[in-house]
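In: this one's structure only:
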Ligand code: HPA
């Protein structure tokens, strides 16, 4: 079984990956964010995709999510673990916490969000009641618990358009809606994975308190330094989870 890993801000490369080859895939939806990197991580075959491109130049609203997901599918991946930086909305969340969300609220707009948009095929609707693969979530949560790596088992991911951060009032509204974390890349990535029948789950790394939650401005420098520490925790988690996938 081939596992796709999509890295976001702070995870441009996968440490510990024994690289076998790289491949630039082309799809009918255009070019993905960059070449796919194939190799072994902790003894398992994985294929890695860097969501924001090799030089981190692709902003969240310009990521070609359809090409990214389709190229992973074409490469033979059957499941995908996405790593996403998020702001913490819940007051209980701190930077560097790892959250395995179980729900999504989509506030994005104007993104290519479906493969099912042809006028020449029957209309298709998919079930998305539970947007993440429960079996992948359970594997991650149970493995983390057995290895004493603390993760927050559940949460609602608010997907925002970006690239700006949110206003404090927007975050208040998202909290009233039930969101606990906020990020800019979870949608349409999750739904496109579902349309392709790829099991998909997210490891969300809290990089900052969301807007209006800390009494100070959101600082990209703080985010980057928190992500550096957070990604070390993601790597520890991968070392335990990847072998049992
Ligand atoms: N908002 C949206 N996306 C983010 C944030 C945030 O506060 N932090 C990291 N990605």
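Out: Ah, there it is. Treat the numbers as computed from the prediction; the structure is a model and nothing was measured.

In: Around the ligand, which positions in the protein sit nearby?
Out: Within the chain, the residues that sit near the ligand (Cβ under 6 Å from any ligand atom) are 85-87, 160, 165-166, 182-184, 207-208, 210, 218, 223. All C-beta spots, glycine's among them, are computed from the backbone N, C-alpha and C.

In: Just the buried ones among the residues you listed, please.
Out: Buried members of the residues of the chain next to the ligand, scored by 16 or more other Cβ atoms under 10 Å, are 85-87, 160, 165-166, 182-184, 207-208, 210, 218, 223.

In: any chance of the residues you listed in TSV, with secondary structure and pLDDT too?
Out: TSV is the format used below for these (DSSP: H, G, I helix; E, B strand; the rest coil; pLDDT from 0 to 100):
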residue	secondary structure	pLDDT
85	strand	96
86	strand	98
87	strand	98
160	coil	98
165	coil	98
166	coil	98
182	strand	98
183	strand	98
184	coil	98
207	strand	97
208	strand	97
210	coil	98
218	coil	96
223	helix	95
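
In: Out of those, the closest to the ligand would be?
Out: residue 87 (2.3 Å; Cβ to the nearest ligand atom).

In: Pick out the residue closest to the middle of the chain.
Out: Nearest residue to the geometric centre of the chain (Cα atoms, centre = their mean): residue 82, 3.4 Å.

In: Show me what secondary structure element comes after the strand or helix carrying it.
Out: Secondary structure from DSSP states H and E places residue 82 in strand 77-88. Counting by DSSP H and E, the next helix or strand C-terminal to strand 77-88 is strand 98-100.

In: Direction included, what does that next one pair up with?
Out: strand 152-153 (parallel), strand 199-209 (antiparallel) (DSSP bridges).

In: Quickly compare those strands and say which is most buried.
Out: Highest mean neighbour count among these (mean count of other Cβ atoms under 10 Å): strand 199-209, with a mean of 25.

In: For residue 193, give me its contacts.
Out: Contact partners of residue 193, counting by Cβ atoms under 8 Å, 6 or more residues apart in numbering, are 69, 80, 199, 200.

In: isn't there a helix covering it?
Out: Yes. Assessed by DSSP: H, G, I helix; E, B strand; the rest coil, residue 193 belongs to a helix.

In: With adjacent residues omitted, what lies nearest to it?
Out: residue 200 (3.6 Å; Cβ to Cβ, 6 or more residues apart in numbering).

In: The one you found is in contact with residue 136, isn't it?
Out: Yes. At 7.5 Å, residue 200 counts as touching residue 136 under the criterion of Cβ atoms under 8 Å.

In: shared neighbours of the two, anything?
Out: By Cβ under 8 Å, 6+ apart, the residues touching both residue 200 and residue 136 are residue 79.

In: what about stretch 34-54, start to end distance?
Out: 6 Å (Cα to Cα, to the nearest Å).

In: so how far is it from its chain's centroid?
Out: Relative to its chain's centre, stretch 34-54 lies at 14 Å (Cα atoms, centre = their mean, to the nearest Å).

In: One more: stretch 179-195?
Out: 7 Å.

In: can you tell me the distance between the two ends of that stretch?
Out: End to end - Cα to Cα - stretch 179-195 spans 24 Å.
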